[in-house]
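**Student:** sequence and predicted structure, then a few things I'm wondering about:
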Amino acid sequence: MTTATSKQLAAAIELRALTIGYKTSRKETKTVASNLNATLRAGELVCLLGPNGAGKSTLMRTMAGMQKPLEGAVELGGVNIHDLPARELAKQLSVVLTERVSIGAMTSYALVALGRYPHTNWAGTLNDKDHEIIQWALQTTGASEFANRDVGELSDGERQRVMVARALAQEPQLMILDEITAFLDLPRRVEIMQMLRDLARTTNRAILLSTHDLDLALRSADVIWLLLKGGAMQVGVPEELVLNGAFAKAFAGEGIEFNSQLGAFRIAQANQRDIVVNGEGDAALWTKRALERQGFRVITQETPGANSVNVLPDGAGWQLITLQANTHCASLTELLACLKRTN
Amino acid sequence: MTETTLAAQLPHNFSPSTIARPKTNHAVWYALLVVLIVIAFLAEVTIGAVRIPLAAIWQLFTGGQVEKETWSNILFAFRFPRAVNALFSGAALGACGLLLQTLFRNPLADPFVLGVMHGSRLGVALLVVVSGLAGNAFLYKYGIVGDVGIALASALGSTLVLLLLAALAKRVSTVTLLIVGLMLGYLCVGLISVLLHFIDETQAQAFGSWDDGSFAGATRQQLSILLPGIIIGVALASVLVKPLNALLLGENYAQSLGLNVTRVKRLGFIATGVLAGVVTAYCGPIAFLGIVAAHLGRGLFRTSDHRVLMPGVLLLGGLLGLLCDLITHLPWSRHFLHLNAVNGLIGAPLVLWALLDRKRGIRFE
């Protein structure tokens, strides 16, 4: 497997001091993000995260060659992609966009076959090799079942698989996927992410996926690019970005707080009251969550003036200790009701 | 840049045989359409106010003698040119319908519906007025130069309307585009009326008789310009089949596949402009043939692939042209049917169905 390892180290695409943005008028330009440096390697699934308005779309469009950078370069194997002829670029890089494709009278197979566009002759004739690659792309993305069904008849999840298969049939080094898990239900989102991870590994291609789904991105991505408001980008292994507080910072002031223990966001609330929770196991964990949702700040150390909850072992219930009284509660519902009364 | 070939990466457990390649039985349909065209063509030259037996037609084409001398005149001066015109112009309009529907991503696009033909008429009206002011009678004095001039003016008019539509159509919905086309059409009709005020009555009458769509009016000399014009337009459209397929995905995807979208669209509009232009120049505005041929094509071949559809709509358009013209020229006791009346009776319900049927008709975004 030495060849595979050396391939995995090869950079698929590199951002070099990239400044992105757009022209607002003839002379004025609006810079969205500047001096971005990052590397995307073959075999990696990279998730691009960031709050709305941070410039995810602009970055994706610039990397896909659909928009020129203001400064710097996007390099693919050492070549600036914006210098490549469109057809050459299409052989190196493919995209799945958020826009919905609505075509009547076209099978999934025919749609995936369009991915062969940059490789075929003027008439678009498909040879045996093309057919083999189309079939391979359909199978790899788990879309072979509905290969001969009309695209219009597919469910959202099935259609996204076909769209990824089309991008794969283009045989690119890099696939850029723009929010393809949006509009899908949770099981479908998990399936697609799993498929993309496997795809990156088994085909040794780089995949860049922009998403709003932090939870899934944290679990699935090899690397996360976190685009911050104001134009900086944090790059790292998901866990690293959690530990160094980059997530918390990125979404600060958005009305939500990143909880680094849960790896998830919760709604930020002002005027929180402290509460002590003593206990262990699942019961303690879910008690904390319930209390946090009710607007408490859960602390572990006894503090004067703060109420405390003892989670009793073996499902014996909860003990609420306040300055006034010592109450036993049989259920979480009861506990929360008691807390409300002590307000 | 390191080239990684996919063949080497195909997983070992991959078995392409599990996915059937789509079957293609298009050849059967092509053959059937060709047979129907031959039958319709023969019916065109035999049936009419005067019935000419097939045997006599065979005799006439092989240089033999027939019972009635008038038959020769009827066949060579009227029916044969008319049938050839109907076949080729119908095919051209079918290609126009398909091209426009893909270029505008609008299943209701058609050179008549979008007012493109009125652009052609405006071009011709302008030429008539300019030449009228210069002291020449419409259509009669020019000979070959005049015929070429009409074709060019007509093609220019239709192409200009198309480019205007394309510029306006950037951000409009399916139905809005139709309304924009309708309005552009009215604008052209209004301008034509104003222009006709500047020429004398005989010229205006000549324009008026040309103005009603018909395959019967073209002279043999005009056919010798019409046919090459259509062949050039169809050749250009045929070269575009692959890029047109990519355009089905939308402009962003097409661009990501390496397509020069602006250039392909421009070429597509030029091909449509030439086809709609030359047909309108010698046949007048022919209604609905394009949209009907394109929809029938998609229904028959069950695909949006232009490599299959382009030959399909050419054959279907030619067949429809022949059939509509045949209905017009059946030996009716009173001659009251106009070609556009027949086309309207077939085309308008189809457009209405496409607009109103929520399930199988057109889905609007």
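**Tutor:** Nice, thanks for sending it over. Numbers count the residues shown, from 1 in each chain, chains lettered A, B, ... in the order given.
**Student:** so where's chain A uncertain?
**Tutor:** Low-confidence segments of chain A, defined by pLDDT under 70: A:1-11, A:253-256, A:260-271, A:343.
**Student:** all helices of it, in order?
**Tutor:** For chain A, the helices defined by DSSP state H cover A:2-9, A:56-63, A:86-92, A:108-113, A:128-140, A:156-169, A:186-203, A:214-220, A:238-243, A:246-250, A:281-293, A:332-341.
**Student:** buried stuff in the shortest one?
**Tutor:** Right, helix A:246-250. Residues of helix A:246-250 classed as buried: A:246, A:247, A:249, A:250 (neighbour count, 16 or more other CB atoms under 10 Å in any protein chain shown). For glycine as for every other residue, the C-beta is placed from the backbone atoms N, C-alpha and C.
**Student:** for the helices of chain A, which one sits closest to residue B:274?
**Tutor:** Minimum separation from residue B:274 across the helices of chain A (CB to CB) falls at helix A:86-92, 26.6 Å.
**Student:** and that closest one, anywhere near chain B?
**Tutor:** Yes - under the criterion of CB under 8 Å from any CB of the partner chain, chain B is reached by helix A:86-92 at A:86, A:87, A:88, A:89, A:90, A:91, A:92.
**Student:** could you check how far residue A:326 is from residue A:308?
**Tutor:** Note on residue A:326: its distance to residue A:308, by CB to CB, to the nearest Å, is 10 Å.
**Student:** can you redo the helices of chain A as a markdown table with distance to residue A:230?
**Tutor:** A markdown table is the format used below for the helices of chain A (distance: least, CB to CB, whole Å):
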| stretch | distance to residue A:230 |
| --- | --- |
| helix A:2-9 | 32 |
| helix A:56-63 | 14 |
| helix A:86-92 | 30 |
| helix A:108-113 | 40 |
| helix A:128-140 | 39 |
| helix A:156-169 | 31 |
| helix A:186-203 | 28 |
| helix A:214-220 | 19 |
| helix A:238-243 | 17 |
| helix A:246-250 | 10 |
| helix A:281-293 | 29 |
| helix A:332-341 | 40 |
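**Student:** where does chain B dip in pLDDT?
**Tutor:** Across chain B, the ranges flagged by pLDDT under 70 are B:1-20, B:132-145, B:171, B:174, B:202-203, B:206, B:208-211, B:335-336, B:357-365.
**Student:** who's the nearest residue to residue A:223 once chain neighbours are set aside bridged to?
**Tutor:** Nearest residue to residue A:223, sequence neighbours excluded (CB to CB, 6 or more residues apart in numbering or on different chains): residue A:46, at 4.7 Å. Per DSSP bridges, the residues bridged to residue A:46 are residue A:208, residue A:223.
**Student:** separation between residue A:46 and chain B?
**Tutor:** Note on residue A:46: its distance to chain B, by CB to the nearest CB, to the nearest Å, is 19 Å.
**Student:** so that residue sits against residue A:205, correct?
**Tutor:** No - using CB atoms under 8 Å, residue A:46 is not in contact with residue A:205, being 11.6 Å away.
**Student:** overlap in contacts, the two.
**Tutor:** Common neighbours of residue A:46 and residue A:205, counting by CB atoms under 8 Å, 6 or more residues apart in numbering or on different chains, are absent.
**Student:** hang on, the earlier thing: now the residues of helix A:86-92 next to chain B: which count as buried?
**Tutor:** A:88, A:89, A:90, A:91, A:92.
**Student:** with these in mind, which one is nearest to chain B?
**Tutor:** When those are compared for distance to chain B (CB to the nearest CB), residue A:90 comes out closest, at 3.4 Å.
**Student:** number of nearby residues for the closest residue to the closest one other than its chain neighbours?
**Tutor:** Nearest-residue entry for residue A:90: residue B:258, 3.4 Å, with adjacent residues in sequence omitted and distances by CB to CB, 6+ apart. The tally of other residues near residue B:258 (other CB atoms under 10 Å in any protein chain shown) stands at 20.
**Student:** for chain A, what's the nearest residue on the stretch 101-250 of chain B?
**Tutor:** Here the stretch 101-250 of chain B gets closest to chain A at one residue, residue B:242, 3.7 Å apart by CB to the nearest CB.
**Student:** could I get the contacting residues of the nearest residue to residue B:26 once chain neighbours are set aside?
**Tutor:** In space, and not counting its chain neighbours, residue B:26 is closest to residue B:308: 5.3 Å by CB to CB, 6+ apart. Going by CB under 8 Å, 6+ apart, residue B:308 touches B:24, B:26, B:301.
**Student:** next one: residue A:68
**Tutor:** Residues in contact with residue A:68 (CB under 8 Å, 6+ apart) are A:62, A:82.
**Student:** 6 Å instead, please
**Tutor:** Residues in contact with residue A:68 (CB atoms under 6 Å, 6 or more residues apart in numbering or on different chains) are residue A:82.
**Student:** burial count for residue A:117?
**Tutor:** Neighbours of residue A:117 under the rule other CB under 10 Å: 25.
**Student:** hmm, it is touching residue B:257, no?
**Tutor:** Yes - in this structure, residue A:117 is within contact of residue B:257 by CB atoms under 6 Å, at 4.2 Å.
**Student:** all strands for the stretch 1-150 of chain A, in order.
**Tutor:** A:11-23, A:29-41, A:45-49, A:71-76, A:79-80, A:93-96 (DSSP state E, counting those that start in this stretch).
**Student:** the first one near chain B anywhere?
**Tutor:** No - with CB under 6 Å from any CB of the partner chain as the criterion, chain B is not reached by strand A:11-23; the gap is at least 10.2 Å.
**Student:** how about that strand: buried residues?
**Tutor:** Applying a neighbour-count criterion of 16+ other CB under 10 Å, one finds A:11, A:12, A:13, A:14, A:15, A:16, A:18, A:19, A:20, A:21 buried in strand A:11-23.
**Student:** nearest to residue B:161, of the residues you listed?
**Tutor:** residue A:21 (37.9 Å).
**Student:** from residue B:81, how far out is the closest one?
**Tutor:** Separation of residue A:21 from residue B:81 (CB to CB): 63 Å.
**Student:** which ones are touching residue 150?
**Tutor:** No chain in the question, so chain A it is. For residue A:150, the contacting residues are residue A:107, by CB under 6 Å, 6+ apart.
**Student:** actually, chain B is the one I wanted.
**Tutor:** By CB under 6 Å, 6+ apart, the contact set of residue B:150 is B:124, B:281.
**Student:** what strand or helix carries it?
**Tutor:** Secondary structure assigned from DSSP states H and E places residue B:150 in helix B:144-168.
**Student:** tell me how far the most centrally placed residue in chain B lies from chain A.
**Tutor:** In chain B, the centroid-proximal residue (CA atoms, centre = their mean) is residue B:93; its distance is 0.7 Å. For residue B:93, the distance to chain A (CB to the nearest CB) stands at 21 Å.
**Student:** now do the SS call for that residue.
**Tutor:** Here residue B:93 is helix, with the state taken from DSSP: H, G, I helix; E, B strand; the rest coil.
**Student:** flag every residue of chain A that's near chain B.
**Tutor:** Within chain A, the positions adjacent to chain B are A:77, A:86-87, A:90, A:95, A:97, A:101, A:103, A:105-106, A:109, A:117-118, A:124, A:131-133, A:135-136, A:138, A:144, A:147, A:171 by CB under 6 Å from any CB.
**Student:** mark which of the residues you listed are buried, thanks.
**Tutor:** Among the residues of chain A next to chain B, the ones that count as buried by 16+ other CB under 10 Å are A:90, A:95, A:97, A:101, A:103, A:105-106, A:109, A:117-118, A:124, A:131-133, A:135-136, A:138, A:144, A:147, A:171.
**Student:** which of the buried ones among the residues of helix A:86-92 next to chain B lies closest to residue B:277?
**Tutor:** residue A:90 (33.9 Å).
**Student:** hmm, the closest one is touching residue A:118, no?
**Tutor:** Yes - the criterion here is CB under 6 Å, and residue A:90 meets it with residue A:118 at 3.9 Å.
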